[in-house]
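S.K.: Generate a structure from the sequence data that follows.
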Amino acid sequence: MLKMRGRYVIFLSAVLFLVCSQLQAGEQQKEQVPDTNVVSVAGALKLTSDQPAEALKEAQKALLIPDATFSRKQKVAFFQKLATAFQEKGHYKEAYFCLKAVDSLELLPPENLSVAKTESQSNWPVYLLYLFLIVFLLLVVYVYVSLRSRNLQLSSLKSEHEKLLQEQNKLQKELQTKIEEENEGLQKQLDQLKSEELVLKSSLQKVEKSSYLRNAFIANLGFDVRTSLTGIIGFANMLETELAVKENRDLYIFASSIEKSGNRLLRLLSNVIDLSAVEAHTMEFVATPLDLNGVMGSIYQKFSDQARDKNLIFKFKEDKELPAVFADEKALEKVLEQVTDNAVRYTEQGFVTLSAYYNVEKEMNVIEVKDTGPGMDRKIKQLIFSSVDPETADFVNYGTGTGIGLKLARRLLMAMHGKMELISNQGEGTIVQIFLPCSEKTAAATVKDVSVEDAEVVEFAEKLDLFVLEDDRMNRLILDKMLKKLGDVELAVDGTDCLEKVKNSVAKGRFYQVMIFDINLPDEWDGVMLMKEIRNRYPEYRNIPFIAQTAYAMEGDKERFLAEGFDSYLSKPIDRNELFAVIQQQMAIYEVKNKTSVS
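M.R.: Down below sits the predicted model:
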């Protein structure tokens, strides 16, 4: 390309050189060719002798010749010479005319200016052409140099580009090698984590199963234990009466001790059995509006004699403006019995007070039981608010019990959507605060996007069509038994079974009204993936509630599952009343949503 451009420049330069040479030759030729007018002047000199009139006419033509061709000096010399020739021939009139012409030519302005002007006017096209040729040549040279410089730059950039490409390929190969090495390491870690996850899943299922079997065994054992202890306590009471009649004080004390020990053992076993029944979901709760003052009054009457025997100040503060609470009456009485019995039993001097007030901020009634007893140490409080079994606790605390009663009270409150808070330090007494919902709306769990006012709990007008995904056999049996009262229940054991049954039901035009999914599953599916997959495949299920039920109960788990798309969340072990309340609420919420979308 560069060679071709050089050849073009050389060719153009040669053409310009030839043109300039031709122009210059033409000018020189023009200067060498004599003018015809000058020839006519010479002829006029020849005619002076024979034809003076014709000679004079030829001389007059010389005046019209341009100064550039026949200069003024030449014209003056011509007319002087012509005048002399006429005088010699005796033609004085013609000689006089020639002298007048000489005078006229001498009176005109200097001829240099006009001659220069004439010469410049006659030569300016040539100069302009020369200038154009010079500029053109300079432009051609500039273009040639610029192109050559640019070609050199392009070649340099091309070599640099090739070097960069080579470096890039080298870096890409090194990066690919590192990525493959890291992926191999990560894959090994992932495989190890998956194997560990499977082991943990298996262990978790075994723990859940063993916990359920233990609680179910203890709950089922309650009848036999209560029957045996009732016989022992009854016979001890009869023996105590007979010994009192015979006034045998020593044996009477023994019989009384047997009765008191039996009653204490009965209370302890009753608490253990009730706690196991709550955790095994075999205890039923019927929540209704209750007058809190009436329940607290009956508890006060029940423990007044016991407090009086110990010379304690036992007070009950009644508030007639308290709103009704929404709870199970028997469960609430058991909660207050456990808390009040704990306060009266372990307080040796001072007072025990029972009071209640309404918490406006939380919209809940708060029951407070205060005492001036020995208080509780940190380990007892940890036992009450943890899942540690009392028989496996790593401490012994003589004289203050094991906290089973308060633990049972806490679990009963949780089943009724309440909670318990404990303020106690060793040697400073104890304050137990019991929070109870004041209405059915307050008891219902909060669900995002729909206000509680729009989701009032209602009775079902017809049986529901429910779907339960649970891989554990015992939990499937429990959920099946719980939900039979609400309608038809379809059970699935894993993700593949779930998708197959949902597919078959959709093919028949049947859509389940409530979907209850376990999160932790044995196969490649989990509850979150299944929920999203079903809603993507079948848009009708976007208007059907999905409830997550899992053993994950850490802080933030509920928010995480709700953010994934579930409508509600239940932590294992599942409480029957809580499950029913969530189903009722979700049905009411989706009924409001569907009505809103239709309108």
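S.K.: got the contact list for G429?
M.R.: By Cβ atoms under 8 Å, 6 or more residues apart in numbering, the contact set of G429 is G350, K370, D371, T372, G373, G375. In this view, the C-beta of every residue, glycine as well, is placed from N, C-alpha and C.
S.K.: Give me the phi and psi angles of the residue nearest to it when sequence neighbours are not counted.
M.R.: The shortest distance from G429 to any non-neighbouring residue, by Cβ to Cβ, 6 or more residues apart in numbering, is to T372 (4.6 Å). Torsion angles at T372 (phi, psi; degrees, to the nearest 10) stand at phi -110, psi 30.
S.K.: Surely T372 and G350 touch.
M.R.: Yes - using Cβ atoms under 8 Å, T372 is in contact with G350, at 3.0 Å.
S.K.: So those two - more neighbours on which side?
M.R.: Just comparing T372 and G350: by other Cβ atoms under 10 Å the higher neighbour count belongs to T372, 18 against 13.
S.K.: who touches that one in this structure?
M.R.: Taking Cβ under 8 Å, 6+ apart, one finds T347, Q349, G350, F351, V352, G429 in contact with T372.
S.K.: and these, which of them are in strands?
M.R.: F351, V352 (DSSP state E).
S.K.: Can you lay out the contacts of T372 as TSV showing distance to E174?
M.R.: Shown next, in TSV, are those (distance: Cβ to Cβ, whole Å):
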residue	distance to E174
T347	77
Q349	81
G350	79
F351	80
V352	78
G429	71
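S.K.: Nearest to F314 among the contacts of T372?
M.R.: Proximity of the contacts of T372 to F314 (Cβ to Cβ) peaks at V352, which lies at 5.1 Å.
S.K.: Who does that closest one form a beta bridge with?
M.R.: Beta-bridge pairing for V352 (DSSP bridges): F314, D371.
S.K.: Domain map for this structure?
M.R.: 288-442, 451-598 (automatic domain parsing).
S.K.: To Q87, which of those domains lies closest?
M.R.: Proximity to Q87 (Cβ to Cβ) singles out domain 451-598 among these, at 132.8 Å.
S.K.: That closest one - what's its average pLDDT?
M.R.: Mean pLDDT, computed over domain 451-598, is 81.
S.K.: how far is it from where the chain is centred?
M.R.: Distance of domain 451-598 from its chain centroid, counting by Cα atoms, centre = their mean, to the nearest Å, is 26 Å.
S.K.: which strands and helices sit next to the host helix or strand of R411?
M.R.: R411 belongs to helix 404-415 when assigned by DSSP states H and E. With contacts taken as 3 or more Cβ pairs under 8 Å, 6 or more residues apart in numbering; DSSP states H and E, helix 404-415 sits against helix 249-279, helix 329-346, helix 378-384, strand 419-424, strand 430-437.
S.K.: And the ones you listed, which one averages the lowest pLDDT?
M.R.: helix 378-384 - the lowest mean pLDDT of these, at a mean of 70.
S.K.: circling back to that earlier point, which one of the contacts of T372 sits closest to K485?
M.R.: Relative to K485, the closest of those is V352; by Cβ to Cβ it sits at 41.4 Å.
S.K.: Check what pLDDT that closest one gets.
M.R.: So, for V352, pLDDT stands at 90.
S.K.: May I ask you to confirm that I516 belongs to a strand?
M.R.: Yes - counting by DSSP: H, G, I helix; E, B strand; the rest coil, I516 is located in a strand.
S.K.: and stretch 92-111, which residues are buried?
M.R.: By neighbour count on 16 or more other Cβ atoms under 10 Å, the buried set for stretch 92-111 is E94, A95, F97, C98, L99, A101, V102, L105, E111.
S.K.: what helices or strands is the helix or strand where A95 lies leaning on?
M.R.: Take DSSP H and E as the rule and A95 turns out to sit in helix 92-107. Judged by 3+ Cβ pairs under 8 Å, 6+ apart, helix 92-107 is in contact with helix 52-63, helix 72-89.
S.K.: rank the ones you listed by pLDDT, which is bottom?
M.R.: helix 52-63 (a mean of 76).
S.K.: Next, the angle helix 72-89 makes with that helix.
M.R.: If you take axes from the mean of the first three to the mean of the last three Cα atoms, to 10 degrees, helix 52-63 sits at 170 degrees to helix 72-89.
S.K.: residues of helix 52-63 that come out buried?
M.R.: Quick answer for helix 52-63 (16+ other Cβ under 10 Å): P52, A55, L56, E58, A59, A62.
S.K.: ok, these vs R148, which is closest?
M.R.: Ranked by distance to R148 (Cβ to Cβ), the buried residues of helix 52-63 are led by A62 at 60.9 Å.
S.K.: between the helices and strands packed on helix 92-107, which one is nearest to A409?
M.R.: helix 72-89 (143.8 Å).
S.K.: ok now that closest one, how far from the chain's centre?
M.R.: Counting by Cα atoms, centre = their mean, helix 72-89 is centred 116 Å from the centre of its parent chain.
S.K.: Of all the domains of the chain, which one comes closest to K188?
M.R.: domain 451-598 (19.3 Å).
S.K.: Run through who's touching stretch 341-353.
M.R.: Contacts of stretch 341-353 (Cβ under 8 Å, 6+ apart): 267, 303, 306-307, 310-317, 340, 368-374, 399-401, 405-406, 429-430, 432.
S.K.: Who are the contact partners of Q301?
M.R.: Contacts of Q301 (Cβ under 8 Å, 6+ apart): none.
S.K.: Can you tell me how far A588 is from L251?
M.R.: Distance, A588 to L251, by Cβ to Cβ, to the nearest Å: 65 Å.
S.K.: Next: K481.
M.R.: 50 Å.
S.K.: again with L139
M.R.: Taking Cβ to Cβ, one finds L139 at 139 Å from L251.
S.K.: okay, the two: which has more neighbours?
M.R.: Applying other Cβ under 10 Å to L139 and L251 shows that L251 carries more neighbours, namely 14 against 10.
S.K.: ok, and the closest non-adjacent residue to the more buried one?
M.R.: L251's closest residue in space is L243 (Cβ to Cβ, 6+ apart), at 4.7 Å.
S.K.: tell me the secondary structure for that neighbour?
M.R.: helix.
S.K.: quick thing: my sequence starts at 445, can you match it?
M.R.: From this message on, residue numbering opens at 445, which makes the last subject L687.
S.K.: so what's it up against?
M.R.: Counted by Cβ under 8 Å, 6+ apart, L687 has contacts L695, Y696, A699.
S.K.: For the stretch 545-694 of the chain, give me the ranges with low pLDDT.
M.R.: 553-567, 649, 652-675, 678-679, 681-682 (pLDDT under 70).
S.K.: As a check, name the ranges of all helices in it.
M.R.: Remark: helices assigned in the stretch 545-694 of the chain by DSSP state H, counting those that start in this stretch are 555-689, 693-723.
S.K.: from what I can see E934 touches F955, true?
M.R.: No - the pair E934 / F955 is not scored as a contact, 11.5 Å apart, by Cβ under 8 Å.
S.K.: shared neighbours of these two, anything?
M.R.: In contact with both E934 and F955: D909, S949, using Cβ under 8 Å, 6+ apart.
S.K.: phi, psi of the nearest residue to S799 once chain neighbours are set aside?
M.R.: Excluding the flanking residues, the one nearest S799 by Cβ to Cβ, 6+ apart is K761, at 3.9 Å. For K761, the backbone dihedrals (degrees, to the nearest 10) come out as phi -100, psi 110.
S.K.: Counting neighbours, what do you get for K761?
M.R.: The burial count for K761: 13, using other Cβ under 10 Å.
S.K.: wouldn't R986 be in contact with R979 here?
M.R.: Yes - at 5.2 Å, R986 counts as touching R979 under the criterion of Cβ under 8 Å.
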